[in-house]
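Trainee: coordinates only, no sequence provided:
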C-alpha cells in the first residue's frame, strides 16, 4: 500500500468526499479503510439498540421470541465485553433513544453491568423519545447516557407517557453538563400535573445556566415558571415557545406573573400564541440585540373579540427593538394595516415575511407601502402572502407593485400575491408605466396571483420596465390553479432572454 495512506489526516480528508453507501463499500477493503469509516458510520445513531448489538453474542440474546424481549442478558457483563461497543461508540456524536414498556425493561438490565468507562465518551447530542408505558424511565440510566460532553438535549413525548417527561427532567436537573448549550422539549398531549412539569423545567434551567438555545413546545401546559427561569439565563440567545397553556395564563390579572428586564442578550425570538400572550412575554424582554422575531399569532378563545380592530396593537412591542433585522409573521388573525406601524421604527430591517391564513385578511394601501419602503431602506427580502378574498376588492393590484418597484430600492427577492387582471386594475395603463432603473430586484415569485388573457400579453414588458435587473420569475401555483396557464406564458417570455430553465413539481420556474 502506498505510503500516503499512512497519513491519517489525508485519509480522513479523502473519506469526507464519499457518501455513506461508498464508505460502507470501501470499509470491506482493508482494516485501515474500515477504521477510517467508523467516524462517519457511527457519528449519528438513531436507535440505542444498534449499539447494544455490539455486545458479545454469548452475553446478549437478540431478536424477538415468544418469551423474549428484543434483547436480554444471558450472563453478567465484564469490562472486556464492552470493548467492541466503546470502540464504535467513541465516534458517536448524536444518539436517539426511545423508551416504552419493553425498552425500559431491557435497558434496566444494563444498570448493574455497566463498565467503569463512559460508554458514550464523545456524545454531543441526545434525543429522548418517550413513547408511553406504565413506568417512567429510570433516572439513573438516563444519567449514564448523559456524559459531560453533551451540548444538546431534546425531549420528545409524542403520546401519553405518564411521568416520563418528569423522570427525564429530574435526571437532567441532577447531573452536571458543563457543555450544555441547547435544550428542547416537545410534549404533544395533556398528560400530567402542569405545575409539576413547569417547576421541573424551571429546575433544569436553574441547573444549566450556560444554555444558549431553548425550545418549549407543549400542549396545554402552564410554563410561566420555566419562562421566568429562562429569562434569567445569562447566555440565552434563542428562545422558541409554543404553548397552548398561554391562553389560560393570559386571562390572569398579572399575566404570567413575569418580572421585567428578562432575556438580557436574546437575539432570536420565536413565539406562537394569542396576541395578548405574545405581547405579555415580548414586553418583558430587555435585550437590545434582538434581531430575529418569528411570530405565529392565533385567535383567542373569545372569538367575538378577534376582530381587526381588537388586534390593532398586536405588534406594539416591536418598536422596542430598533436593531431588528428579520420579522416573520404567520397570521391566523385578521389585522389592519396600521398594526405594522410600530415596526416602521425598526430601520435596520432586512427581511419581512407575512403569511395570512385562509379567511383572515390583511391589506396594504399604496400609501402604507410607500411608508414601509421609506422606513426600511435596507430591506432585501419581502414575502407578502396575503389572503386573496375573491368576494371583495381588498387585494393588492398593479399600482401596489409599482410602489414596491419605486420605493423598495434595495429589495433583491420579492414574493407577492396580487391581482393583475384588467378588471381588478381599472384605469391602469401599461403604456404609461415608467421605467424604474434604480432598484436591485433580481428574483420575483408570484404567489396565487390573478392574471387574464389581456394582461398576459403585457405584464412581462411591465416587469422589465419596473425591475431592469430582474433575472428570475417563478410561478408557485399548482398547475390546476385557474390562472397558472396565463403565468406559464409570462414565464415563457422571460425564458427567451434567460439561459436556464427549471421545472419543479407543480411549480413553473425559469432562471437566468
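Mentor: That came in fine, so what should we check first? Not measured: the values here are computed from a predicted model.
Trainee: where does pLDDT dip in the stretch 351-500 of the chain?
Mentor: 387-394, 477-483, 496-500 (pLDDT under 70).
Trainee: that one: helices as residue ranges?
Mentor: 366-375, 398-407, 453-456, 459-466, 484-495 (DSSP state H, counting those that start in this stretch).
Trainee: can you list the buried residues in the first one?
Mentor: For helix 366-375, a neighbour-count test (16 or more other Cβ atoms under 10 Å) marks 366, 368, 369, 370, 371, 372, 373, 375 as buried. (C-beta placed from N, C-alpha, C; glycine too.)
Trainee: also the longest one?
Mentor: Of the residues in helix 484-495, those buried by neighbour count under the rule 16+ other Cβ under 10 Å are 484, 486, 487, 490, 491, 493, 494, 495.
Trainee: my guess is the fifth one meets residue 484, correct?
Mentor: So the one you mean is residue 491. No: counting by Cβ atoms under 8 Å, residue 491 stays clear of residue 484, with 10.0 Å between them.
Trainee: quick revisit: return the closest of the buried residues of helix 366-375 with respect to residue 37.
Mentor: residue 372 (53.8 Å; Cβ to Cβ).
Trainee: is it true that that closest one touches residue 340?
Mentor: Yes: using Cβ under 8 Å, residue 372 is in contact with residue 340, at 7.4 Å.
Trainee: I'd like to know how far residue 424 sits from residue 473.
Mentor: 20 Å (Cβ to Cβ, to the nearest Å).
Trainee: quick one, which of these two is more surrounded?
Mentor: residue 473 (25 against 18; other Cβ atoms under 10 Å).
Trainee: and which of the buried residues of helix 366-375 is nearest to residue 357?
Mentor: So of the buried residues of helix 366-375, ranked by how close each gets to residue 357 (Cβ to Cβ), first place is residue 368, at 20.5 Å.
Trainee: what's the closest non-adjacent residue to that closest one?
Mentor: Among residues not flanking residue 368 along the chain, residue 337 sits closest, at 4.8 Å (Cβ to Cβ, 6 or more residues apart in numbering).
Trainee: wait, doesn't the one you found sit right on residue 361?
Mentor: No: checked against Cβ under 8 Å, the pair residue 337 and residue 361 is beyond contact range at 10.4 Å.
Trainee: rewinding a little: possible to save the buried residues of helix 484-495 as CSV with distance to residue 288?
Mentor: Conversion of the buried residues of helix 484-495 to CSV gives the following (distance: Cβ to Cβ, whole Å):
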residue, distance to residue 288
484, 46
486, 48
487, 44
490, 45
491, 45
493, 48
494, 44
495, 48
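Trainee: now do the contacts for residue 287.
Mentor: With contact set as Cβ atoms under 8 Å, 6 or more residues apart in numbering, residue 287 has these partners: 263, 264, 265, 266, 267.
Trainee: so for the fourth one, what's the pLDDT?
Mentor: Which is residue 266. Residue 266 is assigned 96 on the pLDDT scale.
Trainee: isn't it up against residue 235?
Mentor: No: the criterion here is Cβ under 8 Å, and residue 266 misses it with residue 235 at 10.3 Å.
Trainee: which regions of the stretch 151-300 of the chain sit below the pLDDT cut-off?
Mentor: 160-161, 189-195, 220-221, 243-257.
Trainee: scratch that, the stretch 1-150 of the chain is what I was asking about
Mentor: In the stretch 1-150 of the chain (pLDDT under 70), the answer is 1-6, 8, 62-70, 133.
Trainee: I would like the residues contacting the longest helix along the chain, please.
Mentor: In the chain, with assignment by DSSP state H, the single longest helix is helix 194-207. With Cβ under 8 Å, 6+ apart as the test, helix 194-207 has contacts from 165-166, 169-170, 172-174, 176, 183, 185, 187, 211, 214, 216, 218, 220-226, 228-230, 233, 245.
Trainee: filter these to the buried ones?
Mentor: 165-166, 169-170, 172-173, 183, 185, 187, 211, 214, 216, 218, 221-226, 228-230, 233, 245.
Trainee: the strands in the stretch 201-350 of the chain, which residues?
Mentor: Per DSSP state E, counting those that start in this stretch, the stretch 201-350 of the chain carries strands over the ranges 213-218, 238-243, 268-273, 292-297, 326-331.
Trainee: with distance to residue 283 added, can I get those strands in CSV?
Mentor: Formatted as CSV, these follow (distance: least, Cβ to Cβ, whole Å):
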stretch, distance to residue 283
strand 213-218, 19
strand 238-243, 14
strand 268-273, 12
strand 292-297, 13
strand 326-331, 17
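Trainee: among the buried residues of helix 366-375, which pair sits farthest apart?
Mentor: 366 and 375 (15.0 Å).
Trainee: pretty sure residue 183 sits in a helix.
Mentor: No: the assignment for residue 183, made by DSSP: H, G, I helix; E, B strand; the rest coil, is strand rather than a helix.
Trainee: hmm, residue 212 and it touching each other?
Mentor: No: using Cβ under 8 Å, residue 183 is not in contact with residue 212; the gap is 9.5 Å.
Trainee: in TSV: the buried residues of helix 366-375, plus distance to residue 136.
Mentor: Below are the buried residues of helix 366-375 laid out as TSV (distance: Cβ to Cβ, whole Å):
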residue	distance to residue 136
366	60
368	54
369	55
370	59
371	56
372	52
373	56
375	53
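Trainee: okay then, goodbye and thanks.
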